Each structure stands twice: as C-alpha cells, then as structure tokens.
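K.L.:
Predicted coordinates and the sequence they were generated for:
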Amino acid sequence: MHVAYILIDAVIDTPGMRKRMNDKPDDFFIKPAAIADELFHLHGQDRSAWSFLTELRPFNEKW
C-alpha cells in the first residue's frame with residue numbers, strides 16, 4: 001500500500017474563489033485538473049522511487 005501526504009499550498013481555481021479574488025492573475029490559482037493529474041501521477045509511481053510528500057504550489061509563487 002502506498003500512503004502519501006499531499007500538501008496543497010495554493011488557492012484552488014473555483015468560481016467562488018475567482019469571484020472573491022477577481023484582481024488576481026490566472027497563474028495565481030491552481031487548477032483542479034492539475035491537482036488531479038498530479039494525484040494520478042503519484043498513484044502510478046514506480047515502486048522503486050515512491051514519494052511520501054507531494055507539495056503543490058502555483059507557478060508564480062515568490063520564495
């Protein structure tokens with residue numbers, strides 16, 4: 001069994017959040033489909049290189 005912790009450190013792109021944060025650019029939000037794609041990737045990982053922690057953040061985040 002593969003157990004993983006997925007940290008979503010972003011505002012998810014939903015109609016409600018777009019309305020509340022209408023001054024933010026597109027790349028401020030993380031798309032639900034991109035989250036699903038990453039979870040699917042995690043599910044299919046090669047057993048020789050499993051990841052426990054996956055962090056999802058928007059592209060334009062300033063570090």
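P.N.:
Thanks, I have it. Residues are numbered from 1 along each chain as shown.

K.L.:
From residue 48, how far off is the nearest residue to residue 25 once chain neighbours are set aside?
P.N.:
Closest residue in space to residue 25, ignoring its immediate chain neighbours: residue 60 at 7.4 Å, by CB to CB, 6 or more residues apart in numbering. Just so you know, the C-beta spots here come from the backbone N, C-alpha and C atoms, and that holds for glycine as well. Plainly put, residue 60 is 33 Å away from residue 48 if you go by CB to CB, to the nearest Å.

K.L.:
Please apply the same query to residue 62.
P.N.:
Taking CB to CB, one finds residue 62 at 35 Å from residue 48.

K.L.:
same deal with residue 26?
P.N.:
Separation of residue 26 from residue 48 (CB to CB): 37 Å.

K.L.:
Equivalent analysis for residue 15, please.
P.N.:
Relative to residue 48, and taking CB to CB, residue 15 is found at 41 Å.

K.L.:
Could you list everything the residue most central in space within the chain pairs with in the sheet?
P.N.:
Nearest to the geometric centre of the chain sits residue 56, at 3.7 Å (CA atoms, centre = their mean). Listed beta-bridge partners, residue 56: residue 8 (assigned using DSSP bridges).

K.L.:
so it touches residue 5, yeah?
P.N.:
No. When contacts are counted by CB atoms under 8 Å, residue 56 is not listed as touching residue 5 (11.4 Å).

K.L.:
For the host helix or strand of residue 39, buried residues please.
P.N.:
Element membership for residue 39 (DSSP states H and E) is helix 32-43. Of all the residues in helix 32-43, those buried under the rule 16 or more other CB atoms under 10 Å are 34, 35, 38.

K.L.:
pLDDT below threshold where in this structure?
P.N.:
For the chain, the stretches flagged by pLDDT under 70 are 1, 63.
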